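Engineer: sequence below, structure please.
(2 chains)
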There are 2 protein chains.
Amino acid sequence: MKLATQGNGSRDGELLVVSRDLSQAQSVNHIAPTLQYALDHWQQCQPQLELVYQKLNLKKSGVTDTTLCFSQCPVLSPLPRAYQWLDGSAYVNHVELVRKARGAQMPDSFWHDPLMYQGGSDDFLAPTQDIPLKDPSWGLDFESEIAIITDDVPMGCPPGDAAKHIKLFMLVNDVSLRNLIPEELAKGFGFMQSKPSSSFSPVAITPDELGERWDSKKIHLPLVTHLNNQLFGAPDAGVDMTFDFPTLVAHAAKSRNLTAGTIIGSGTVSNYDRSKGSSCLSEKRMLEKIATDEITTPFLKVGDRVKIEMLDTKGTSLFGAIEQTVVTPK
Amino acid sequence: MKLATQGNGSRDGELLVVSRDLSQAQSVNHIAPTLQYALDHWQQCQPQLELVYQKLNLKKSGVTDTTLCFSQCPVLSPLPRAYQWLDGSAYVNHVELVRKARGAQMPDSFWHDPLMYQGGSDDFLAPTQDIPLKDPSWGLDFESEIAIITDDVPMGCPPGDAAKHIKLFMLVNDVSLRNLIPEELAKGFGFMQSKPSSSFSPVAITPDELGERWDSKKIHLPLVTHLNNQLFGAPDAGVDMTFDFPTLVAHAAKSRNLTAGTIIGSGTVSNYDRSKGSSCLSEKRMLEKIATDEITTPFLKVGDRVKIEMLDTKGTSLFGAIEQTVVTPK
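Structural biologist: Residues are numbered from 1 along each chain as shown, chains lettered A, B, ... in the order given. As a prediction, the model looks like this:
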């Protein structure tokens, strides 16, 4: 099943069921007004939404009076605001690389104990919304990631029980202000000013949509990033993922419950095979520094355009594309 | 105006207007079903809620058929879940003390640049709900704080414009797992497992309720904590607050918008005058260590009872009391 949220003037938008090929959509206000409502009442809503989805996929003709042309819908992030957004750093080789570039050792514990931060979730950008850059010296970067949405997860949930709590997948652009990070992390309280609003893919999809590409632990498909219409990277999300999604869920639930609608990100997708490219500017800059001691790739500037998507094995877009342009805020 | 949330089986509960003396309450479902709804539509809802409040305060007799006895209401935290919970460390002398006890220097920048972390906000405990302690070795502590709730704050809001965005005040018990903190902070990504669910005072109050005790920057009243029915501390929240509330709001909004219902905490209230006592066990333990090199105060154990409240100059409880017992989770 594929779900999206259409802007309707309210803060949480209106839930849509979207056809598998992303051509048509249908408002499902009679089942669940918003995605958060559907997640709050998943057991009741999921079968009803699934029925709408199956019927929508059977429609051969164009848009009818009960359906919408999805590409015309003013789409928001599936959860325009959420009660929780946690972001892991599951591709540890990326962390190792960043450390190496600045000559710092990475503690061995990073291979066993996931890094995860609590992110701001009150005001997500829409998938095609401009990214405001208030101060170019802040060092704006994108980070292409995969995220899951959970139902209610009880405190102490072991990794072995965690996969069943994963209800939806999305893609994320975890927007970062790189030059604010060192000072902020030095204070020891984690990211805040250095992590402004993230954006998510146009649709959120249920695990069954991934078929055998989801093995209940990882997604085995490349995550494709374009910068200014040029391929920037396409590392495989199933390769070099040190901590799989159930492990990230269990880590998050160690000392507290997670409530329905909790979003957990994978962190920047990264492969040891550097020919696959990168999922953020910072990684590319670090590779340049290691190779030549000279960084040539700049951070994002006004007018730059980032596109993030994931294609299935037939080349069809699974989630629709995050496609954002950097602008000076009004 | 005083507002509370009553449990009704839903995740967000039901909004109540509560009389100034906390004796009576009235459901205001016809104005706003939940506190988040009221904050989302504050300009429309606030005058209507205020009218109910004024009428409720005029009632001289006991509970009528349109009102409820507030002490009998199954009260949740005013926002049982929120889209954002940011916690500052505005009483820098507390931070300095904790550092001193472990022989670490505090950077001078801590006096100019607020410490603030992004906290988990999906699952707050109710004001009198038991605190589950899954593992006593985690070092459970309370932290008595004041918090504000904002309306929509635009990115880059200067401190001079921030006070008007403060719509409500609450008290907080920012529950902490002290022994999980060092390892988590060493990873550099901030608190997560070491900060389980917080709880908030039974009522949230508008700034006018504080009269001249709120000078648009700080609240000038003691924050009173009892541990197992013994006074633990009553430091004045208006004394030694290095960063006032408008400064904390501006800090939070530096690189992003804050949406309505954002909660920002003051951090543990602490005075240089140690005769005022402390607002967390950790501070008391540090003072013991500095004085005698021996820590005698243990962290919280099952059965311990914490009470946090603030009294006005006449001795009347402004927010009702947070009153929680530590238990072994079922």
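Engineer: all contacts plus neighbour counts: C-alpha atoms, from now on.
Structural biologist: Fine.
Engineer: now do the SS call for A:Asn57.
Structural biologist: Using DSSP: H, G, I helix; E, B strand; the rest coil, the structure places A:Asn57 in helix.
Engineer: so what's the residue count around it?
Structural biologist: 17 (other C-alpha atoms under 10 Å in any protein chain shown).
Engineer: check contacts around the residue positioned nearest the centre of chain A.
Structural biologist: Centroid-nearest residue in chain A, with C-alpha atoms, centre = their mean: A:Val172, separated by 2.3 Å. By C-alpha atoms under 8 Å, 6 or more residues apart in numbering or on different chains, the contact list for A:Val172 reads A:Glu143, A:Ser144, A:Glu145, A:Ile146, A:Ala147, A:Ser198, A:Ser199, A:Phe200, A:Ser201, A:Gly265, A:Ile322.
Engineer: can I assume the first one is in contact with A:Leu177?
Structural biologist: No. With contact taken as C-alpha atoms under 8 Å, A:Glu143 and A:Leu177 are classed as non-touching, separated by 10.7 Å.
Engineer: related to what we said a few turns ago, quick check: the farthest pair among the contacts of A:Val172?
Structural biologist: A:Gly265 and A:Ile322 (15.4 Å; C-alpha to C-alpha).
Engineer: circling back to that earlier point, now, which of the contacts of A:Val172 sits nearest B:Trp138?
Structural biologist: A:Gly265 (26.0 Å).
Engineer: determine the number of other residues adjacent to the nearest residue to A:Arg213 once chain neighbours are set aside.
Structural biologist: In this structure, A:Arg213 finds its nearest non-sequential neighbour in A:His220, 4.9 Å apart by C-alpha to C-alpha, 6 or more residues apart in numbering or on different chains. A:His220 has 16 neighbours, counted by other C-alpha under 10 Å.
Engineer: what does the model give A:His220 for pLDDT?
Structural biologist: You'll see A:His220 listed with a pLDDT of 98.
Engineer: residue contacts, A:Ile149?
Structural biologist: A:Ile166, A:Lys167, A:Leu168, A:Phe169, A:Met170, A:Ala260, A:Gly261, A:Thr262, A:Ile263, A:Ile264.
Engineer: doesn't A:Ala237 make contact with the residue nearest to A:Arg213?
Structural biologist: Yes. Contact status for A:His220 versus A:Ala237: in contact at 5.7 Å, counting by C-alpha under 8 Å.
Engineer: got phi/psi on A:Val326?
Structural biologist: phi -80, psi 130 (degrees, to the nearest 10).
Engineer: wait, a strand at the residue nearest to the centre of chain A?
Structural biologist: Yes. When classified by three-state DSSP, A:Val172 is found to be part of a strand.
Engineer: if you skip the residues just before and after it, what's nearest to it?
Structural biologist: A:Phe200 (4.4 Å).
Engineer: A:Glu50 is in contact with A:Met1, isn't it?
Structural biologist: Yes. If you go by C-alpha under 8 Å, A:Glu50 and A:Met1 touch, sitting 6.2 Å apart.
Engineer: more neighbours, these two?
Structural biologist: Higher neighbour count among A:Glu50 and A:Met1: A:Met1, with 22 against 15, using other C-alpha under 10 Å.
Engineer: next, A:Phe142: phi, psi?
Structural biologist: According to degrees, to the nearest 10, A:Phe142 has phi -100, psi 160.
Engineer: what number of residues lie near A:Ala186?
Structural biologist: A:Ala186 has 11 nearby residues by other C-alpha under 10 Å.
Engineer: about what we covered before: hmm, the residue nearest to A:Val172 is touching A:Ile148, no?
Structural biologist: No. Between A:Phe200 and A:Ile148 there is no contact, the gap being 10.9 Å when judged by C-alpha under 8 Å.
Engineer: what sits in contact with each of these two?
Structural biologist: A:Met170.
Engineer: who has more neighbours, the two?
Structural biologist: Of the pair A:Phe200 and A:Ile148, A:Phe200 is the one with more neighbours under other C-alpha under 10 Å, namely 31 against 26.
Engineer: give the contact list for the more buried one.
Structural biologist: A:Ser77, A:Pro78, A:Phe124, A:Leu125, A:Ala126, A:Pro127, A:Met170, A:Leu171, A:Val172, A:Asn173, A:Ile322.
Engineer: I'd like the residues you listed as JSON lines, with distance to B:Val326 and pLDDT appended.
Structural biologist: As requested, the contacts of A:Phe200 are exported to JSON lines (distance: C-alpha to C-alpha, whole Å; pLDDT from 0 to 100):
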{"residue": "A:Ser77", "distance to B:Val326": "39", "pLDDT": "98"}
{"residue": "A:Pro78", "distance to B:Val326": "38", "pLDDT": "98"}
{"residue": "A:Phe124", "distance to B:Val326": "36", "pLDDT": "98"}
{"residue": "A:Leu125", "distance to B:Val326": "40", "pLDDT": "98"}
{"residue": "A:Ala126", "distance to B:Val326": "42", "pLDDT": "98"}
{"residue": "A:Pro127", "distance to B:Val326": "44", "pLDDT": "98"}
{"residue": "A:Met170", "distance to B:Val326": "38", "pLDDT": "98"}
{"residue": "A:Leu171", "distance to B:Val326": "40", "pLDDT": "98"}
{"residue": "A:Val172", "distance to B:Val326": "38", "pLDDT": "98"}
{"residue": "A:Asn173", "distance to B:Val326": "40", "pLDDT": "98"}
{"residue": "A:Ile322", "distance to B:Val326": "45", "pLDDT": "98"}
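Engineer: mind listing what A:Met1 touches?
Structural biologist: A:Val17, A:Val18, A:Ser19, A:Arg20, A:Leu49, A:Glu50, A:Tyr53, A:Ile205, A:Thr206, A:Asp208, A:Glu209.
Engineer: show me which residues of the stretch 101-250 of chain A are close to chain B?
Structural biologist: Neighbours of chain B within the stretch 101-250 of chain A, by C-alpha under 8 Å from any C-alpha of the partner chain: A:115-123, A:134, A:185-194, A:196-197.
Engineer: any quick ChimeraX command for the buried ones out of these?
Structural biologist: Buried members of those, defined by 16 or more other C-alpha atoms under 10 Å in any protein chain shown, are picked up in ChimeraX with:
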select /A:115,116,117,118,119,120,121,122,123,134,185,187,188,189,190,191,192,193,194,196,197
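Engineer: just checking, which of the residues of the stretch 101-250 of chain A next to chain B belong to strands?
Structural biologist: A:Met116, A:Tyr117, A:Gln118, A:Gly119 (DSSP state E).
Engineer: ignoring the adjacent residues along the chain, who's closest to the third one?
Structural biologist: Once its chain neighbours are removed from consideration, A:Gln118 has its nearest residue in A:Leu86; the separation is 4.7 Å (C-alpha to C-alpha, 6+ apart).
Engineer: quick one: distance of the helix or strand hosting that neighbour to the chain centre.
Structural biologist: For A:Leu86, the element it lies in under DSSP states H and E is strand A:85-88. Remark: strand A:85-88 is offset 10 Å from the chain centroid, using C-alpha atoms, centre = their mean, to the nearest Å.
Engineer: also stretch A:187-200?
Structural biologist: 15 Å.
Engineer: what's the answer for stretch A:110-122, then?
Structural biologist: With C-alpha atoms, centre = their mean, you get 14 Å for stretch A:110-122.
Engineer: what residues does it touch?
Structural biologist: Residues outside stretch A:110-122 that contact it (C-alpha under 8 Å, 6+ apart) are A:80-90, A:92, A:190-192, A:195-197, A:242-243, A:248, A:251-252, B:83-84, B:118-120, B:187, B:189-192, B:258-259, B:262.
Engineer: convert the C-alpha atoms of it to CSV, please.
Structural biologist: Output of stretch A:110-122 as CSV, limited to C-alpha atoms (Å, rounded to 0.1, in the frame of the first residue of the first chain):
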residue,chain,number,x,y,z
PHE,A,110,30.5,2.5,17.4
TRP,A,111,30.5,-0.9,15.7
HIS,A,112,28.3,-2.3,18.4
ASP,A,113,26.2,0.5,19.9
PRO,A,114,24.1,2.6,17.4
LEU,A,115,24.5,6.3,17.2
MET,A,116,21.1,7.9,17.2
TYR,A,117,19.8,11.5,17.8
GLN,A,118,16.5,13.0,18.6
GLY,A,119,15.5,15.3,15.8
GLY,A,120,13.0,18.1,15.4
SER,A,121,9.7,16.8,14.1
ASP,A,122,7.3,19.7,14.4
